[in-house]
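*Asks:* The sequence isn't on hand, but the structure is:
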């Protein structure tokens, strides 16, 4: 069983994995941004170049990913369907965009190796979506069972 014994443990480990991954990527991107800006200053180019804009976009995307990972972690800790659902919806959108971008890139460059290189990370993210979706369903069922139990105890 990958990532844990229960769906809750798996969802929590996914959140921890994403927090760690986003933090690592963020540190690398920030280092690159600092290095590129120091090179730009050294060359006396005051305006922002294309690479800096791309890096800022990537940093912004990574910060959003980090925030979503923290939301998932808190959602799992609090057993919150809403917080886990936010992560689920946003990551579903990101994976759909990622798949479209990979396909468009492959069609534009006529290079299928670019799609093949994206298969593993996209598949891993789809697995994460499946686990969190299953956990949200488990939370929904347990909430309904508790509500039925309260009704029967009141009678």
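*Replies:* All right, it came through fine. Because the structure is predicted, anything quoted here is derived from the model rather than measured. Numbers count the residues shown, from 1 in each chain.
*Asks:* Do a quick rundown of the helices in the protein.
*Replies:* Taking DSSP state H, the helices of the chain run over residues 7-42, 50-78, 81-109, 112-154.
*Asks:* pLDDT on the longest one, on average?
*Replies:* Summarised as a single mean, pLDDT over helix 112-154 is 86.
*Asks:* again, but for the first one
*Replies:* Averaging the model's pLDDT scores along helix 7-42 yields 92.
*Asks:* Could you pull out the buried residues of it?
*Replies:* Under the neighbour-count criterion of 16 or more other CB atoms under 10 Å, helix 7-42 has 7, 10-15, 18-19, 22, 25-26, 29, 33, 40 buried. In short, each C-beta sits where N, CA and C put it, glycine included.
*Asks:* now, which of those sits nearest residue 69?
*Replies:* residue 18 (3.7 Å; CB to CB).
*Asks:* Next, the contact list for the closest residue to that closest one other than its chain neighbours, please.
*Replies:* With CB to CB, 6 or more residues apart in numbering as the measure, residue 69 is the residue that lies nearest to residue 18, at 3.7 Å, once sequence neighbours are left out. If you count contacts by CB atoms under 8 Å, 6 or more residues apart in numbering, residue 69 has them with 15, 18, 19, 22, 87.
*Asks:* from the residues you listed, which two are the most distant?
*Replies:* 22 and 87 (12.6 Å).
*Asks:* thought residue 15 was touching residue 77?
*Replies:* No: with contact defined as CB atoms under 8 Å, residue 15 does not count as touching residue 77 (9.0 Å).
*Asks:* Count the residues that sit near residue 5.
*Replies:* The number of residues packed around residue 5, counting by other CB atoms under 10 Å, is 8.
*Asks:* do you know how far it is from residue 13?
*Replies:* As defined by CB to CB, to the nearest Å, residue 5 lies at a distance of 10 Å from residue 13.
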